[in-house]
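[1] Predicted coordinates and the sequence they were generated for:
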Amino acid sequence: MANDLTFSITRTRFDEDYSPADSSRLTTNFANLARGEHRQQNLRNALAMIDERANDLASGADADRYSVELDIVSVTAHFVDGSADGEFPLIEVLDVTIVDQHTGERHQGILGNNFSSYLRDYDFAVLLPSAGGVPDDFGQLHGALFQRFLESDAFRSQFDAEPVVCISVSTSQTYQQTETVHPVLGAEYHHEHSSLTDDYFGRMGMQVRYFMPPGGKAPLAFYSRGDVANDYSDLQLVGTIATMETFQKIYRPEIYNANTAAPSTYRPSLEHTDFSTPPVTYDREERSRLAITQGRYTEEHLVKPHRALLERWAESALAR
């Protein structure tokens, strides 16, 4: 079965001239910014926010010492099962490079920022609402495909380190600050109980930790297969935080661009009114609507045509 599913990787620079490819999920944070009348100014402002935050986090850095370069890593799954739909755009993530403007050194950052998946749209926007509850195998296929990709020659030929997925905290949970403080990740928080998102990423082999970086306004959720606090350098963590905190300031300003920082006991809310609006236009309502459309697209071009192969392979992966 090893040759029934293979992967290929393409890269696209995310800069002020970026335009989404036809295969990109339009709900992806970076794709959403790159559309409409203000697309180039959106991108320019977002990238400037990332650089500013990176220099702020890099203790002792001059205001313009570091710049962050971002590549969109697009992963395509290739099927050999006789279906007319022989390939599918499986995952898109951002890969980070931190450039020292003083020395010219280029530092490899962490893969995984703005994790984007059509199959996740299908699971949450199509499958879950129609299931009448959470299926026992919810996220199993997605997790199996993700871990299969990390074991592939395509991944191993380009990446030496495990990815980290950094997302927003949940508005349905309360977070409690602990005594643990990391020099870059900041103050660690714990949450009440495992969430559906935690379980979903658990199928991908990932566990979550929550940290509020120095100068941040709310904790971020860091999902990794290893130890996010010790497996990466401080500068690598700076690149991820600067990138993802910026996107969260744009997407969820009520939480991440609040005018006051989260207290030790914290319940995030999108109803919060004391926040600043970033200089970037973002259509959050369109993002929600398109998730269903993209889920249906996945059903038509991935789930249905390859159902037999995917189910057989996912069950085999789970039994290992």
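    On my side now, so go ahead. Numbers count the residues shown, from 1 in each chain.
[2] which residues touch Gln248?
    Ser168, Leu220, Ile255, Tyr256 (CB atoms under 8 Å, 6 or more residues apart in numbering). C-beta coordinates here come from the backbone N, C-alpha and C atoms, glycine included.
[3] which helices and strands does whichever strand or helix holds the third one pack with?
    Counting by DSSP states H and E, the element that carries Ile255 is helix 253-256. Under the contact definition 3 or more CB pairs under 8 Å, 6 or more residues apart in numbering; DSSP states H and E, helix 253-256 sits against helix 234-251.
[4] Quick one: mean pLDDT for the helix it packs on?
    Across helix 234-251, pLDDT averages out at 95.
[5] now stretch 40-56
    Stretch 40-56 comes out at a mean pLDDT of 92.
[6] Now the element after the helix holding Ile255, going C-ward?
    That would be, after helix 253-256 and using DSSP H and E, strand 265-266.
[7] I'd like the distance from the helix holding Ile255 to the chain centre, please.
    How far helix 253-256 lies from its chain's middle: 17 Å, per CA atoms, centre = their mean, to the nearest Å.
[8] Which residues are in contact with Ile292?
    Contact analysis of Ile292 by CB under 8 Å, 6+ apart lists Asp121, Ala125, Val126.
[9] which one of the residues you listed is nearest Ile98?
    Set against Ile98, the nearest of the contacts of Ile292 by CB to CB is Asp121 (30.7 Å).
[10] neighbours of the residue nearest to Pro163 when sequence neighbours are not counted, just the number please.
    In this structure, Pro163 finds its nearest non-sequential neighbour in Gly112, 3.4 Å apart by CB to CB, 6 or more residues apart in numbering. Neighbourhood size, Gly112 [other CB atoms under 10 Å]: 25.
[11] try Asp227
    Neighbours of Asp227 using other CB under 10 Å come to 11.
[12] that's a strand at it, yeah?
    No. Counting by DSSP: H, G, I helix; E, B strand; the rest coil, Asp227 is not found in a strand; it is coil.
[13] how much space between it and Leu237?
    12 Å (CB to CB, to the nearest Å).
[14] Equivalent analysis for His301, please.
    For His301, the distance to Leu237 equals 36 Å [CB to CB].
[15] where's Ala187, which helix or strand?
    strand 186-191.
[16] ok, that strand: who's next to it in the sheet?
    With DSSP bridges as the test, strand 186-191 is paired with strand 175-182 (antiparallel), strand 207-212 (antiparallel).
[17] Using neighbour counts, pick out the buried residues of the very next helix or strand once past it.
    Sequence order places helix 196-203 as the next helix or strand after strand 186-191, per DSSP H and E. Within helix 196-203, the residues that qualify as buried are Thr197, Asp198, Tyr200, Phe201, Arg203, counting by 16 or more other CB atoms under 10 Å.
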